[in-house]
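Student: coords please:
(one chain, ligands or ions: 2)
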Amino acid sequence: MSVINYYCYPPAGRGGHPVNLRSPTAGARVGGHTSSPCAAPLHPAAVGKSTFLKLLGATFPTWHLVTEPVAQWRKVPASALPSQAPGASTNLLQMMYQEPARWSYTFQTFSCLSRLKAMLEPPPERLPGTPHPVWVFERSVYSDRYIFAKNLFEAGHLEPLEWGIYQDWHGFLLRQLRPRTTLHGFLYLRATPERCLERLRRRARSEEGGIQLGYLQQLHAQHERWLVEKTMEVHFADVKHAPVLVLDVDKDFEHDAAVQGVLMAQVGTAEAASRANLRASASSSFFHGKK
Ligand SMILES: Nc1ncnc2c1ncn2[C@@H]1O[C@H](COP(=O)(O)OP(=O)(O)O)[C@@H](O)[C@H]1O
Ligand SMILES: Nc1nc2c(ncn2[C@H]2C[C@H](O)[C@@H](COP(=O)(O)O)O2)c(=O)[nH]1
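Tutor: Numbers count the residues shown, from 1 in each chain. Ligands and ions are numbered 1, 2, ... in the order given. Next up is the predicted model:
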């Protein structure tokens, strides 16, 4: 299975991305924030996104990395559940896996909202003289829709009405929030579903004990249709045309400095090319989306 979703560069006006990468827009200000490049890594569950993000952080210390808010899904706070005692929380991730037909729509509204909030957060203060950072999002609002929600609908866990309503608000909100929800590129971390299952078992997260190879194969197929075959209908022109860097992470890069070096060089080359493109013209580039 794949991926680091490299969704792209931070939306124009914010500087960020999934392992989405977003690109900086030199000095431009949109929506009150200085723009930065954004990208988002795309990947299937347990492909090694968190591990890859750590490596990105060590290699490119000035980049702004936004991790997936999985902890929030495992502990939905009492503030979202007025009938519960203060301090209480609910594990929505577990509920979604245990009873997908009941909880998938609720999960996708909560996960998408949490990703959107992360995307719209103001960028961190920069030291004077430092460049606009590249933003990388571990996953994005686009993975939420085009990988997970779509897959849940096709598997019969979202009703046609739920899927229709999800797509309606997703499209409306993201269009209204342009350009802050734009991503400029995707890092697709690609590994076989078998390798992802092996890593998922090694990670041993309690909620994921019931995940079978078939589910990871479905997620892998969705990534391939979207990012490689380009046969998936994507409703946002900028996302549809955003560059995709496919990174082979099937091999163990966690304990192999040479493989790490190759992967980071690929990312660095793509980012440098993007920066050069941006300087040369206002056209689209990997880490620096079209302005
Ligand atoms: N390239 C790799 N080679 C070997 N093991 C890996 C690799 N990437 C991740 N792992 C291991 O697989 C498990 C899941 O990785 P993680 O980064 O948490 O995945 P994700 O964030 O995609 O869910 C962890 O135990 C991690 O140590
Ligand atoms: N139904 C959904 N499940 C999702 C979504 N995003 C992530 N996930 C699951 C997959 C894993 O079990 C867990 C965390 O992901 P990792 O990448 O760390 O494996 O959450 C989603 O949008 N919908």
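Student: where does His170 sit: helix, strand or coil?
Tutor: At His170 the chain is in helix, as set by DSSP: H, G, I helix; E, B strand; the rest coil.
Student: which residues touch it?
Tutor: 112, 141, 144-145, 149 (CB atoms under 8 Å, 6 or more residues apart in numbering). To be clear about C-beta, it is placed using only N, CA and C from the backbone, and glycine gets the same treatment.
Student: residue in this protein with the shortest distance to ligand 1?
Tutor: Ligand 1 sits closest to Gly48 of the chain, with a gap of 2.6 Å, by CB to the nearest ligand atom.
Student: please name the nearest non-neighbouring residue to that residue.
Tutor: Val249 (5.4 Å; CB to CB, 6 or more residues apart in numbering).
Student: Val141 too?
Tutor: Closest to Val141 by CB to CB, 6+ apart is Arg115, at 4.9 Å.
Student: isn't there a strand covering that neighbour?
Tutor: No: membership of Arg115 in a strand is not supported by three-state DSSP, which gives helix.
Student: can you name the residues that contact it?
Tutor: Counted by CB under 8 Å, 6+ apart, Arg115 has contacts 68-69, 137, 139-141, 144.
Student: which one of those is nearest Arg202?
Tutor: Glu68 (18.3 Å; CB to CB).
Student: state the pLDDT value of that closest one.
Tutor: You'll see Glu68 listed with a pLDDT of 93.
Student: tell me the spacing between it and Arg139.
Tutor: 5 Å (CB to CB, to the nearest Å).
Student: out of those two, which sits in the more crowded spot?
Tutor: Arg139 (30 against 22; other CB atoms under 10 Å).
Student: between the contacts of Arg115, which has the most around it?
Tutor: Neighbour max across the contacts of Arg115 (other CB under 10 Å) = Phe137, 39 neighbours.
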